Every structure is written in C-alpha cells, then in structure tokens.
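S.K.: This is the structure alone, sequence omitted:
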C-alpha cells in the first residue's frame, strides 16, 4: 500500500488466476462473460474503503519454463474520510482556532495567554502522536502529516506571537522609563540653571551704582544782606562714595562765590532680562514615538495577528484540499 496521500489515498487490489503446472500448450484461461465476468455486490462494504470499480485483464506470462495463461482483476478502493474528518481534521482545526482567542485577550493577562498557548501546543502534540501510532512506521511524509504539521506550526506561532508582544512591551517600557529619567534630570538641570541665573541677577543689582543724595549750600549775594542762605539738594550717583558738603563759611562780598559744578547723573539701566527659554517639548508626541518599535506598538501585533492568522490558515486549507484531491485522482487514473 502506498500511504503517501493518506487518508485521501486510493488503493489497488490485484486478483490473479494462473495455472501453476500447465503451460499455454496445455491450458488457456479466458473470461466467459467478457467485461461482465466480475461483478461486485452492492451489499458488500468495508468500514474504511469504498469500491470505485474494477478492471479485467487476460495476461500471457512468459517464464523460463514456458508460457502460462493468467486472468487478472484489478479492484480500485478509495478510503472513507468520515472517520479522519471527525477524529483528526476537525479537532485539529478547532485547536488552531482556539489558539487565536489569545489575540483578543489583554496582553497583561500573562497566565491566561501562556496557559492557552501551551495547552494548544500540547494537545496538537498528543493528536499527532496518537495518529501516527495507528499507522505503519513509514519513512516518507503522508498528507495527514502535512496537515497536522501545519496546525502545529499555527498554534506554536500563536504562542510565539505573545512572546514577541511581551518582549516588545518590555522594551517599550524600558525606553519610556529611560526617557522619563532623562526628562527628570533635564528638569532638574533647568531649575538649577534658572536659580543660578536669578542669583546672578540679584548680585548684579547690588553691584550697580547707588543713588546718593548730596546736600550743599549756595550763598546768593542778594540774600547775603539778609544773612540767609539757600540750600540746594541734588541727587547724583556715586560709586559707593560719600560726597562731602562744601566747607561752611561766607564768601567774600567782592568776589561772588563760584557757581556749582554740574554733575553728570548716570542713568540707572534696568537689569538685562534673561534669555528666552526654549519652547518645551511636546510630551504627547514624544510618548507616541516611545510607544512604537519598528513602526508599530505591542497592541498592533495583536491587531495584525487577528487578520493574518485566519487568512493564512484559510489559504492553507484551500491549497491542501485542492492539491491532494487532484493528486489522488491522478494516481487512480493511471493505467
């Protein structure tokens, strides 16, 4: 039996009638009713096979001892798929579909998602082992091995998908923590710089020239006769020095007192304003960039998996059934 396309295989059973001790010169066999000589009863059935038809042949076998007459009947069987659909194909497909439930669970539910993934992987392993235990130990790959292998790959890929989601979420969280730490350090440096700038401005105000009030008397000749004097007060800037008053006394009547020397008053300049601070970064934009790795977030992997996994498995199902049905038909049609 060729089990390469099991359980969609079709087998051929040969029945031959030949004389063992008499050659064709002694005896010849032939079908009395021609093609209707062999008939299959409709009441006869097999649990795992169905009879497709039969072929009748008349053969002359040439051996070293002579030529012998032979009658051959070739009966074609096709394996029934009901048992394998119910026991293998449908359960394995449902196990694959159950593994997709983890894509809709919260990525923080680690026990649920890991437990679901491990359970489906172990179930597929048990199903593959029980299926191969009931078959002959053959070295080539059967069609059911291809199907079960694809289902095992799908459930294992769903488990790896959550591993990638957890790894990406961990890396993104590490980047966010590093960014927040650097942002906190930058805020501290900024506050220290602002405090230092304010302290420098305060020290600059103490070092500016102070305004000092100087009093001096000017004797007016017109008022001299009345024995009075006029006291003027001007304000001037001195660099921390006190301007003494002119010595008291009365000027000579013949020589008028010298006019007071004008003093240039230095205007008080306002302190220079601090340089404008750079615009603060937009934390929302920074956080959006930090939440992505390779252009996607951890939640995007689950969103894409909800579509990619079902589409991939559906395409595999179509290709599997179409290809193997076509191959098994070609085997039976060969003469």
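M.R.: Done, it's in. It should be emphasised that the depicted structure is a prediction, and the values quoted were computed from it without experimental measurement. Residues are numbered from 1 along each chain as shown.

S.K.: Show me what the biggest helix by length in the chain is packed up against.
M.R.: In the chain, taking DSSP state H as the definition, the longest helix is helix 143-207. Here helix 143-207 touches helix 90-99, helix 110-133, helix 283-290, helix 298-333, going by 3 or more CB pairs under 8 Å, 6 or more residues apart in numbering; DSSP states H and E. The way it works is simple: take the backbone N, C-alpha and C, and place the C-beta from them, glycine included.

S.K.: Now the second one: buried residues?
M.R.: Burial within helix 110-133, assessed by neighbour count using 16 or more other CB atoms under 10 Å, is assigned to 113, 116, 117, 120, 121, 123, 124, 127, 128, 131.

S.K.: from the residues you listed, which is closest to residue 191?
M.R.: Of all those, residue 191 sits closest to residue 113, with 43.8 Å by CB to CB.

S.K.: Touching, that closest one and residue 160? I think so.
M.R.: No - when contacts are counted by CB atoms under 8 Å, residue 113 is not listed as touching residue 160 (11.8 Å).

S.K.: how far does stretch 14-29 stretch from start to finish?
M.R.: 17 Å (CA to CA, to the nearest Å).

S.K.: what's it in contact with?
M.R.: Contact with stretch 14-29 is made by 58-61, 65-75, as judged by CB atoms under 8 Å, 6 or more residues apart in numbering.

S.K.: Report the mean confidence score over it.
M.R.: Across stretch 14-29, the average pLDDT comes to 87.

S.K.: thinking again about what came up before, filter the contacts of stretch 14-29 down to the ones in strands?
M.R.: Judged by DSSP state E, strands contain the following of the contacts of stretch 14-29: 58-61, 66-75.

S.K.: In contact with the residue lying closest to residue 98 once chain neighbours are set aside, which residues?
M.R.: Distance criterion CB to CB, 6 or more residues apart in numbering; nearest residue to residue 98, sequence neighbours excluded, is residue 120 at 6.0 Å. Each residue near residue 120 by CB under 8 Å, 6+ apart is listed here: 95, 96, 98, 99, 155, 158, 159.

S.K.: Quick check: pLDDT value at residue 120.
M.R.: Per the predicted model, pLDDT is 94 at residue 120.

S.K.: residue contacts, residue 114?
M.R.: Contacts of residue 114 (CB under 8 Å, 6+ apart): 159, 162.

S.K.: Next one: it relative to residue 166, how far apart?
M.R.: 9 Å (CB to CB, to the nearest Å).

S.K.: can you list the weak-confidence ranges in the stretch 201-335 of the chain?
M.R.: 203-294, 330-335 (pLDDT under 70).

S.K.: tell me the domain ranges of this protein?
M.R.: Following automatic domain parsing, the chain resolves into domains at 10-80, 89-172+291-333.

S.K.: Tell me which of those domains is the most buried.
M.R.: domain 89-172+291-333 (a mean of 15; mean count of other CB atoms under 10 Å).

S.K.: follow-up on the earlier one: reformat the contacts of residue 120 as TSV; add pLDDT and distance to residue 33.
M.R.: Converted to TSV, these look like this (pLDDT from 0 to 100; distance: CB to CB, whole Å):
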residue	pLDDT	distance to residue 33
95	96	53
96	96	53
98	95	57
99	94	58
155	96	56
158	94	61
159	94	63
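
S.K.: mind giving me TSV with those and columns for distance to residue 8?
M.R.: As requested, the contacts of residue 120 are exported to TSV (distance: CB to CB, whole Å):
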residue	distance to residue 8
95	21
96	20
98	25
99	25
155	23
158	27
159	30
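
S.K.: Looking at these, which one is closest to residue 310?
M.R.: residue 96 (9.4 Å).

S.K.: Tell me if residue 15 really is in a helix.
M.R.: No - under DSSP: H, G, I helix; E, B strand; the rest coil, residue 15 sits outside any helix and is assigned strand.

S.K.: Which strand residues bridge it?
M.R.: Residue 15 has these beta-bridge partners by DSSP bridges: residue 73.

S.K.: Enumerate every residue touching the most centrally placed residue in the chain.
M.R.: The centroid of the chain falls nearest to residue 301 when counting by CA atoms, centre = their mean (3.9 Å). Residue 301 makes contact with 161, 164, 165, 168, according to CB under 8 Å, 6+ apart.

S.K.: Mind picking the two most distant members of those?
M.R.: In terms of CB to CB, the contacts of residue 301 reach their longest pairwise distance at 161 and 168, which sit 10.7 Å apart.
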